[in-house]
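Student: take a look and give me a structure for this.
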Amino acid sequence: MPVLTDRITVTIHAADPLSRAGVVRHLQHQPTVDIVPLLPGRDAPPAPAASVAVMTIDRIDGPSGAALCEVLRGGAQRVLLVARELREPELLAVVEYGVRSIVWRHQATEERLFEAVQRTARGECVLPPDLVDRVLGQVNRLRRSETAAARTGPGGAPRFGLAPRETEVLRLIAEGLDTRRISEKLAYSERTVKNILHGLMTRLQLNNRAHAVAHALREGYI
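Tutor: Now for the predicted structure:
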């Protein structure tokens with residue numbers, strides 16, 4: 001495997017200081033890694049070609065999904081996700097977000113994390129062996145579901161697309177708003193917001209809100 005000789009700029013995104021300190025401890029002595037601090041209230045600095053965003057999470061939920069969406073919006077950085085666990089629906093959502101590198105938190109030793117950063121910077125896909133079969137299985141199930149929906153989709157509603165109000169609701173979810181705040185923002189009742197989400201997730205066979213936001217992000221709606 002070729003050795004990456006250029007310097008790698010790393011930004012660290014963590015919900016708690018201990019998680020961030022652990023990543024810093026593993027990477028700060030690597031001679032080819034430059035850790036760039038994230039300054040509160042300011043945009044992240046422009047990302048060079050060899051740039052990796054390391055994000056630590058416990059699992060994908062509303063806040064962490066919104067944070068991941070925000071990190072990926074820049075488009076210039078490759079993301080390495082350090083996760084405690086990912087259930088089946090969350091795994092598919094992460095892949096649809098565009099994440100191609102995942103390391104389990106309990107396996108993130110200094111050596112393994114640095115290797116994952118190097119490979120991610122080169123544009124390689126990094127996945128734990130136990131995740132590969134799960135990803136392939138999820139993709140195959142999704143393709144079969146989409147094929148069936150294309151044949152039997154309800155008339156009058158978009159089979160795979162999103163209606164404007166569905167897009168608005170998902171955009172606000174991606175920004176971290178809950179049902180109550182979305183209803184206030186759009187002047188809908190909370191029941192209407194829930195019905196919109198239920199309808200689109202049923203029609204598109206999406207597993208949860210994070211999966212729905214990932215689908216909208218992948219398809220260019222938000």
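Student: residue ranges of the helices in this structure, please?
Tutor: Taking DSSP state H, the helices of the chain run over residues 17-27, 62-73, 88-97, 110-121, 129-152, 164-174, 179-186, 190-204, 209-218.
Student: worst average pLDDT in the ones you listed?
Tutor: The minimum mean pLDDT among these belongs to helix 129-152 (a mean of 59).
Student: domain ranges for this protein?
Tutor: Domain assignment for the chain by automatic domain parsing gives 8-133, 153-218.
Student: quick revisit: can you say which of the helices of the chain is packed in most?
Tutor: Ranked by mean neighbour count, the helices of the chain are led by helix 209-218 with a mean of 24 (mean count of other Cβ atoms under 10 Å). Just so you know, the C-beta spots here come from the backbone N, C-alpha and C atoms, and that holds for glycine as well.
Student: can you tell me what sits against that one?
Tutor: 60-62, 65-66, 69, 72, 89-90, 92-98, 162, 167, 170-171, 173-174, 197, 200-201, 204, 206, 222 (Cβ atoms under 8 Å, 6 or more residues apart in numbering).
Student: could you do stretch 20-34 as well?
Tutor: So stretch 20-34 is contacted by 4-10, 12, 14, 35, 54, 56, 82, 108-110, 113-114, 117-118 (Cβ under 8 Å, 6+ apart).
Student: please redo it, this time with the cut-off set to 6 Å
Tutor: 7-10, 12, 14, 54, 110, 113-114 (Cβ atoms under 6 Å, 6 or more residues apart in numbering).
Student: how about the CA coordinates for that stretch, as CSV?
Tutor: Output of stretch 20-34 as CSV, limited to C-alpha atoms (Å, rounded to 0.1, in the frame of the first residue of the first chain):
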residue,chain,number,x,y,z
ARG,A,20,-12.4,14.8,21.6
ALA,A,21,-9.4,14.5,24.0
GLY,A,22,-9.1,10.8,23.2
VAL,A,23,-8.9,11.5,19.4
VAL,A,24,-6.4,14.3,20.0
ARG,A,25,-4.3,12.0,22.2
HIS,A,26,-4.1,9.4,19.5
LEU,A,27,-3.2,11.8,16.6
GLN,A,28,-1.3,14.7,18.1
HIS,A,29,2.1,13.0,17.9
GLN,A,30,1.7,11.8,14.3
PRO,A,31,4.3,13.8,12.2
THR,A,32,2.0,14.0,9.1
VAL,A,33,-1.2,15.1,11.0
ASP,A,34,-2.1,18.7,11.6
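Student: how far off centre is it?
Tutor: 22 Å (Cα atoms, centre = their mean, to the nearest Å).
Student: cool, and stretch 88-107?
Tutor: 7 Å.
Student: same thing with stretch 188-203?
Tutor: 22 Å.
Student: thanks again, I'm all set now.
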